[in-house]
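Engineer: Could you look at this predicted model? Sequence included:
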Amino acid sequence: MKEILIIISILILVIGSAFAIQNFLNKGTDELVAKLEEMKKDIKEDNFKREDLIKKTDKIYKEWKDVNDEWSTIVLHEEIDLIEMALIRMKSKIKIGKIDESMEDIDTSIFLLNHIKEKEKTSLKNIF
C-alpha cells in the first residue's frame, strides 16, 4: 500500500508540474503575441509613427529577453533561437524603414510563439 501512495504522489507531482509549466508558457506567449498582433494591426492600418514603432519594437524585444531567460530551462534552445532571429530581423527592418517587409518577421514570430505553446501543451498526443 505504501508503494501505491508513493507512485500516486509522484504522478500528481509530475502532472501538477506539467500544468504549472504550461500556464507559465501560455502567459508569456499570450502577452508577446498580443503585442505583436497590435503592432501588426498598426502597420496594416498605417496608424503609426516610425519613432513610436521603433519604441514598441524595442520594448517587445526587451520583454522577449526577459521571457527568453525564463524559458531557457524549459524550451529547446533551437526554438528560442528561431524566435530571437525573427524578432531581431523585425527590429532591424523597422529601424531602417522597411516596415512592410517586417510583417513577415512579425508573422513568423507569432507562429513560432504559438507553436511552442501548442508543442508544450499537456495532452496525450504530446506525451506519447
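Structural biologist: Alright, I've got the coordinates.
Engineer: Show me what the longest helix belonging to the chain is packed against.
Structural biologist: Counting by DSSP state H, the longest helix found in the chain is helix 2-44. For helix 2-44, the packing partners by 3 or more CB pairs under 8 Å, 6 or more residues apart in numbering; DSSP states H and E come out as helix 50-71, helix 99-119. For the C-beta atoms, the positions are set from N, CA and C on the backbone; glycine is no exception.
Engineer: just the angle between it and helix 99-119, please?
Structural biologist: Interaxial angle of helix 2-44 relative to helix 99-119 (axes from the mean of the first three to the mean of the last three CA atoms, to 10 degrees): 170 degrees.
Engineer: so how far is helix 2-44 off the chain centroid?
Structural biologist: On the basis of CA atoms, centre = their mean, to the nearest Å, helix 2-44 sits 11 Å off its chain's mean C-alpha point.
Engineer: I'd like the average pLDDT over it.
Structural biologist: Here helix 2-44 scores 91 as its mean pLDDT.
Engineer: could you give the angle of that helix to helix 50-71?
Structural biologist: Put simply, helix 2-44 runs at 170 degrees to helix 50-71, going by the same axes, to 10 degrees.
Engineer: Mean neighbour count, the helices and strands packed on helix 2-44: which tops it?
Structural biologist: Highest mean neighbour count among the helices and strands packed on helix 2-44 (mean count of other CB atoms under 10 Å): helix 99-119, with a mean of 17.
Engineer: Tabulate the CA atom coordinates of it in PDB.
Structural biologist: What follows is helix 99-119, C-alpha atoms only, in PDB (Å, rounded to 0.1, in the frame of the first residue of the first chain):
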ATOM      1  CA  ILE A  99       8.300  48.400 -42.300                       C
ATOM      2  CA  ASP A 100       6.200  46.500 -44.800                       C
ATOM      3  CA  GLU A 101       8.900  43.900 -45.000                       C
ATOM      4  CA  SER A 102       8.900  43.500 -41.200                       C
ATOM      5  CA  MET A 103       5.400  42.000 -41.400                       C
ATOM      6  CA  GLU A 104       6.800  38.600 -42.500                       C
ATOM      7  CA  ASP A 105       9.000  38.500 -39.400                       C
ATOM      8  CA  ILE A 106       6.200  39.600 -37.100                       C
ATOM      9  CA  ASP A 107       4.100  36.700 -38.600                       C
ATOM     10  CA  THR A 108       7.000  34.300 -38.100                       C
ATOM     11  CA  SER A 109       7.400  35.300 -34.500                       C
ATOM     12  CA  ILE A 110       3.700  34.900 -33.800                       C
ATOM     13  CA  PHE A 111       3.700  31.500 -35.500                       C
ATOM     14  CA  LEU A 112       6.800  30.300 -33.500                       C
ATOM     15  CA  LEU A 113       5.400  31.500 -30.200                       C
ATOM     16  CA  ASN A 114       2.100  29.800 -30.800                       C
ATOM     17  CA  HIS A 115       3.900  26.700 -31.900                       C
ATOM     18  CA  ILE A 116       5.800  26.500 -28.600                       C
ATOM     19  CA  LYS A 117       2.500  26.900 -26.800                       C
ATOM     20  CA  GLU A 118       0.900  24.000 -28.700                       C
ATOM     21  CA  LYS A 119       4.000  21.800 -28.500                       C
END
